[in-house]
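A.B. asks: could you look at this predicted model? Sequence included:
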Amino acid sequence: MNTSTHSIGDVTSCDHSQSWVYTDVVKDHFFHPRNFVQDEEEVNIFEGHGQYGSPACGDEMHVWIKVDPDSKRITDFKWRTFGCASAIAATSIASEIVLENGGMTIEEAKHLKPQTIIERLGGLPNRKIHCSVLCDKALLKAIEDYENR
Amino acid sequence: MPCSICDALMKIQEKVKKLYFRTQKTNKLFVYLDHAATTSVDLRVQEVMLSFLDQTYGNPSSLYQKGMEAKHALDQAREQIAKILHAKEQEIIFTSGGTESDNLAILGFARANKEKGKHLITTKLEHHAVLEAMMQLEKNEGFEVTFLEPNKQGLITAKQVKEAVRSDTILVSVMYANNEVGTIFPIAEIGNLLQKYRQEHQQSFPVFHTDACQATGYLDLDCEKLHVDLLTINGSKMYGPKGVGVLFVKQGIKLQPLMFGGGQERSLRPGTENVSGIVGLAKALEIAQKERQTESTRQLVLRDFLIERILSTIPKTRLNGHTTERLPNNVNISFEGIEGEALLLYLDHEGIAVSTGSACTSQSLEPSHVLTALGLPHEQAHSSIRFTLGRSTTQKDLEFVLSVLPQVVKKLRSLSPLA
């Protein structure tokens, strides 16, 4: 995988200034999550809902999207996640990536890669990658749901 | 004479300075509730260890004065520990800690006695140091292992053990108290049953090992009363140093060593002895046993206060493990809808140190084998937090935890699709 994930050990950050297993970006998104569902009512009118993972495995993610019918851009992205710090931070930052610059188009969002999310987080401990970056899959399901409606 | 007083004064001054800097660095309140993971080294223990680092640093095997002084300290520590365990001095073997003691007991005994039988008994709740050693014997050395199932509260009965014994059973290993849910096992009763079995069948098998690492500060360690043949103790769980442990090996029990070298510890554990560590462990054990009754009573009240308040003030919480057959310092609770690592890190952010049975903090990414053996669904195991109290824990500490916990749980549940 990319160098940024490898440079971060499991017990210290890359600059060795902190004993956390996570980067400052992960911490920031974990303690101050963006775009999560605060009001259930608000996502009822969203056009796509996707779910991925299972609580038995320790991670479950839900994503709701709102799509502009003309531009096919995703104009809103809300989420809920049961999972560890990296799962919460990954979903939070994914919502920012999708919504920035006026929102990704559906086609662009379909190609959102876990690697992009991990890079934006400044890396994740290796063992956390496959289990906690599931938001791209939940997003795909939400897009599928939108297209099937 | 005045010089030694000066020395003592300087030492005290340095200690005060150190303490001052320690509190300066962390002006935020810090509440450590992970005493089952490890403890700090008691000041009284540090004190007895110090001179073995810079003055009595001799090798106990050396014949000159400095060596003999170290040897004397080693003998004294052994005597002190033997007395507490109601054992003979030659029955005390020093090791590098709990894992090594468990491994030496299980691998060492099974290998030395494999001609006598190939069946071993243990429980599903043991520490990995026991489980992995057992699995090693099963996988690669032709042994068959019975892993006893606990009930939903995490209890194993003596009857269960007795029913599992076969004519070819050579070793039974059951922990004294569980590290995750704190369940206390009926070791004396199991030991008694096994002793009767041996007498009735006029044989010397099966022998009985117990891992007592979590029990040292709270339970009776009299090996005669417990009827154990092998017993594991670890320094770092009882306010002693890390990297030092004890294996009690009853006279007549044959072990095959795991290491080979210079013949120390009756050749069962060769290598230059960790004198400062051993002296520290002896002191730590002495204090732990001396204070265990008052500390048990004190911590039990705090434990029940914490359990009661969490269960009554935070919805969708449940206590894991037994309500009464439980170490006085163990609280293990599942918070529905929240993943344990997330909660652990939010609490850490507030200055509270706890641990979790969630997969996310383990290397294997599997949830706790103890909680799943209790029949907990995986999502409940992922949602578990263990608080373990200790000597320094106060009512004020717990009140701080209780002032932080509800809002942290609420925040994480607001992010969760399951809550």
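C.D. replies: On my side now, so go ahead.

A.B. asks: going forward, measure contacts between C-alpha atoms and count neighbours the same way
C.D. replies: Will do.

A.B. asks: and the gap between the residue nearest in space to the middle of chain A and chain B?
C.D. replies: Chain A has A:Thr91 as the residue nearest its centroid, 2.3 Å off, counting by C-alpha atoms, centre = their mean. Relative to chain B, A:Thr91 is positioned 11 Å away (C-alpha to the nearest C-alpha, to the nearest Å).

A.B. asks: part of a helix, is that residue?
C.D. replies: Yes - assessed with DSSP: H, G, I helix; E, B strand; the rest coil, A:Thr91 lies in a helix.

A.B. asks: what is the burial count for the nearest residue to it once chain neighbours are set aside?
C.D. replies: Nearest residue to A:Thr91 in three dimensions, chain neighbours excluded: A:Cys135, at 5.4 Å (C-alpha to C-alpha, 6 or more residues apart in numbering or on different chains). Neighbour count of A:Cys135, defined by other C-alpha atoms under 10 Å in any protein chain shown: 31.

A.B. asks: circling back to that earlier point, the residue nearest to the centre of chain A contacts A:Thr81, correct?
C.D. replies: Yes - under the criterion of C-alpha atoms under 8 Å, A:Thr91 makes contact with A:Thr81 at 7.4 Å.

A.B. asks: what confidence value was assigned to residue 7?
C.D. replies: Went with chain A since none was named. Turning to A:Ser7, the model gives it a pLDDT of 37.

A.B. asks: my bad, the chain I had in mind was chain B
C.D. replies: Looking at B:Asp7, the pLDDT reads 69.

A.B. asks: tell me where chain A has strands.
C.D. replies: A:48-54, A:59-67, A:74-82 (DSSP state E).

A.B. asks: what is the distance between the helix or strand hosting B:Ser312 and the centre of its chain?
C.D. replies: Following DSSP states H and E, one finds B:Ser312 within helix B:275-313. Here helix B:275-313 shows a centroid-to-chain-centroid distance of 12 Å under the convention C-alpha atoms, centre = their mean, to the nearest Å.

A.B. asks: then stretch B:199-212?
C.D. replies: Using C-alpha atoms, centre = their mean, the offset of stretch B:199-212 from its chain centre is 23 Å.

A.B. asks: can you list the buried residues in that stretch?
C.D. replies: Neighbour-count burial for stretch B:199-212, counted by 16 or more other C-alpha atoms under 10 Å in any protein chain shown, picks out B:205-212.

A.B. asks: so which of the residues you listed are in helices?
C.D. replies: Assignment to helices by DSSP state H places none of these there.

A.B. asks: taking those one by one, which sit in strands?
C.D. replies: B:207-211.

A.B. asks: contacts for stretch B:389-397, please.
C.D. replies: With contacts defined as C-alpha atoms under 8 Å, 6 or more residues apart in numbering or on different chains, stretch B:389-397 is touched by B:31-35, B:39, B:295, B:299, B:302-303, B:329-330.

A.B. asks: mind doing that once more with 6 Å?
C.D. replies: If you take C-alpha atoms under 6 Å, 6 or more residues apart in numbering or on different chains as the criterion, stretch B:389-397 is touched by B:33, B:35, B:329.

A.B. asks: any residue of the host helix or strand of B:Ser334 up close to chain A?
C.D. replies: Element membership of B:Ser334 [criterion: DSSP H and E] is strand B:330-335. No - on the criterion C-alpha under 6 Å from any C-alpha of the partner chain, strand B:330-335 is out of touch with chain A, staying 11.9 Å away.

A.B. asks: just checking, what packs against that strand?
C.D. replies: strand B:317-319, strand B:384-388 (3 or more C-alpha pairs under 6 Å, 6 or more residues apart in numbering or on different chains; DSSP states H and E).

A.B. asks: tell me the most buried of the ones you listed?
C.D. replies: Mean neighbours per residue, mean count of other C-alpha atoms under 10 Å in any protein chain shown, is largest over those for strand B:384-388, with a mean of 27.

A.B. asks: quick one: mean pLDDT for the helix or strand just after it?
C.D. replies: Using DSSP H and E, the helix or strand that follows strand B:384-388 in sequence is helix B:395-415. Across helix B:395-415, pLDDT averages out at 97.

A.B. asks: who's B:Leu319 bridged to?
C.D. replies: Counting by DSSP bridges, B:Leu319 forms beta bridges with B:Ile333.

A.B. asks: so it sits against B:Ile333, correct?
C.D. replies: Yes - with contact defined as C-alpha atoms under 6 Å, B:Leu319 counts as touching B:Ile333 (4.6 Å).

A.B. asks: give me every residue in chain A lying close to chain B.
C.D. replies: So chain A meets chain B at A:55-56, A:80-85 (C-alpha under 6 Å from any C-alpha).

A.B. asks: and those residues, which are buried?
C.D. replies: Going by neighbour count (16+ other C-alpha under 10 Å), the residues of chain A next to chain B have A:55, A:80-85 buried.

A.B. asks: what distance separates stretch B:169-189 from the centre of its chain?
C.D. replies: Worked out by C-alpha atoms, centre = their mean, stretch B:169-189 lies 12 Å from the chain centre.

A.B. asks: identify all contacting residues around that stretch.
C.D. replies: B:117, B:119-122, B:205-212, B:214-215, B:226, B:321, B:325-327, B:330, B:332.

A.B. asks: which parts of the helix or strand harbouring B:Arg44 are buried?
C.D. replies: B:Arg44 belongs to helix B:43-54 when assigned by DSSP H and E. If you call a residue buried by 16+ other C-alpha under 10 Å, then helix B:43-54 has these buried ones: B:45-46, B:48-49, B:52.

A.B. asks: pLDDT below threshold where in chain A?
C.D. replies: Where chain A drops to pLDDT under 70, the residues are A:1-20.

A.B. asks: recalculate using a threshold of 80.
C.D. replies: Residues of chain A that meet the criterion pLDDT under 80 lie in A:1-20, A:127, A:130-132.

A.B. asks: so which residues of it form helices?
C.D. replies: A:3-6, A:24-31, A:40-44, A:85-99, A:106-110, A:114-120, A:129-132, A:135-148.

A.B. asks: so which of these comes closest to B:Thr372?
C.D. replies: helix A:129-132 (19.7 Å; C-alpha to C-alpha).
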